[in-house]
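A.B. asks: Requesting a structural model of the entry that follows:
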Amino acid sequence: MTEAHSAEIAWAGLGSNLNPERNLPQALALLQDRFGDMRISPAYRSAAVGGAAPDFVNLVVAFQTNLDPESVNEEFKRIEHALGRERGTGTEAGHTIDIDLLLLGNRVGTFGAVTLPRRDVTKYAYVLRPLAELEPEGVHPVLGKSFSELWGEWDQAGELVAVVLELVGSE
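C.D. replies: Numbers count the residues shown, from 1 in each chain. Presented below is the predicted three-dimensional model:
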């Protein structure tokens, strides 16, 4: 059962390495249909983690929601399924779309299958850089540092390449 909360900002990471020029805009359109207005970061291309899969294109979005973390995650899984995502195929096969809840307000903890904040925020440049660009003064609820400060401390940027995509409502 979905418990109603006052609206909070949700930050989600999106990634695709199978036709990202089509799948990311489609995912953004479905997210916008479900959650309304969004802010969208620049997109970045990076090598797939842990395999010989095609490069990923990743970005971060922020939107308001009154849903709990599990319900937001369920909505993301519906969108992934609608775009042909098959769970359990592994990164080697590629992903049409991957949508992960990174943060929801200042929530910290495990909510069903969702742990917040998602550790990817500080583990991967392709998550932290677009998050820092989208919400530079936003504060990591555990570390107490702004996203721009965390990005400034990053020393493993790797080969992130900015990508121009035609995106719904991008800034």
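A.B. asks: Helix or strand, whichever it is, which one in the protein has the lowest mean pLDDT?
C.D. replies: Lowest on mean pLDDT, DSSP states H and E among the helices and strands of the chain sits strand 161-163, with a mean of 71.
A.B. asks: For residue 40, grab phi and psi.
C.D. replies: Per-residue torsions, residue 40: phi -130, psi 130 (degrees, to the nearest 10).
A.B. asks: Same check on the one 4 residues further on?
C.D. replies: Backbone geometry at residue 44, expressed as degrees, to the nearest 10, gives phi -130, psi 140.
A.B. asks: now it: how far from residue 82?
C.D. replies: 24 Å (Cβ to Cβ, to the nearest Å). C-beta here means a position set from N, CA and C on the backbone, and glycine is covered the same way.
A.B. asks: ditto for residue 35
C.D. replies: Applying Cβ to Cβ to residue 35 and residue 82 gives a distance of 15 Å.
A.B. asks: Of the two, give the one with the bigger neighbour count.
C.D. replies: residue 35 (18 against 13; other Cβ atoms under 10 Å).
A.B. asks: For residue 115, give me its contacts.
C.D. replies: Shown in contact with residue 115 (Cβ atoms under 8 Å, 6 or more residues apart in numbering): residue 109.
A.B. asks: what about the longest helix in the chain?
C.D. replies: Across the chain, the longest stretch assigned as helix under DSSP state H is helix 20-35.
A.B. asks: same for it, what does it pack against?
C.D. replies: Under the contact criterion of 3 or more Cβ pairs under 8 Å, 6 or more residues apart in numbering; DSSP states H and E, helix 20-35 touches strand 8-16, strand 38-40, strand 56-65, helix 69-82.
A.B. asks: looking at the ones you listed, which is closest to residue 141?
C.D. replies: strand 8-16 (11.1 Å; Cβ to Cβ).
A.B. asks: What residues of the closest one count as buried?
C.D. replies: 8, 10, 11, 12, 13, 14, 15, 16 (16 or more other Cβ atoms under 10 Å).
A.B. asks: go on, stretch 46-56?
C.D. replies: 46, 47, 48, 53, 54, 56.
A.B. asks: So which of these is the closest to residue 131?
C.D. replies: Relative to residue 131, the closest of the buried residues of stretch 46-56 is residue 46; by Cβ to Cβ it sits at 14.2 Å.
A.B. asks: Contacts only, for residue 153.
C.D. replies: Contacts for residue 153 (Cβ under 8 Å, 6+ apart) come out as residue 145.
A.B. asks: what does residue 7 give?
C.D. replies: By Cβ under 8 Å, 6+ apart, the neighbours of residue 7 are 64, 65, 66.
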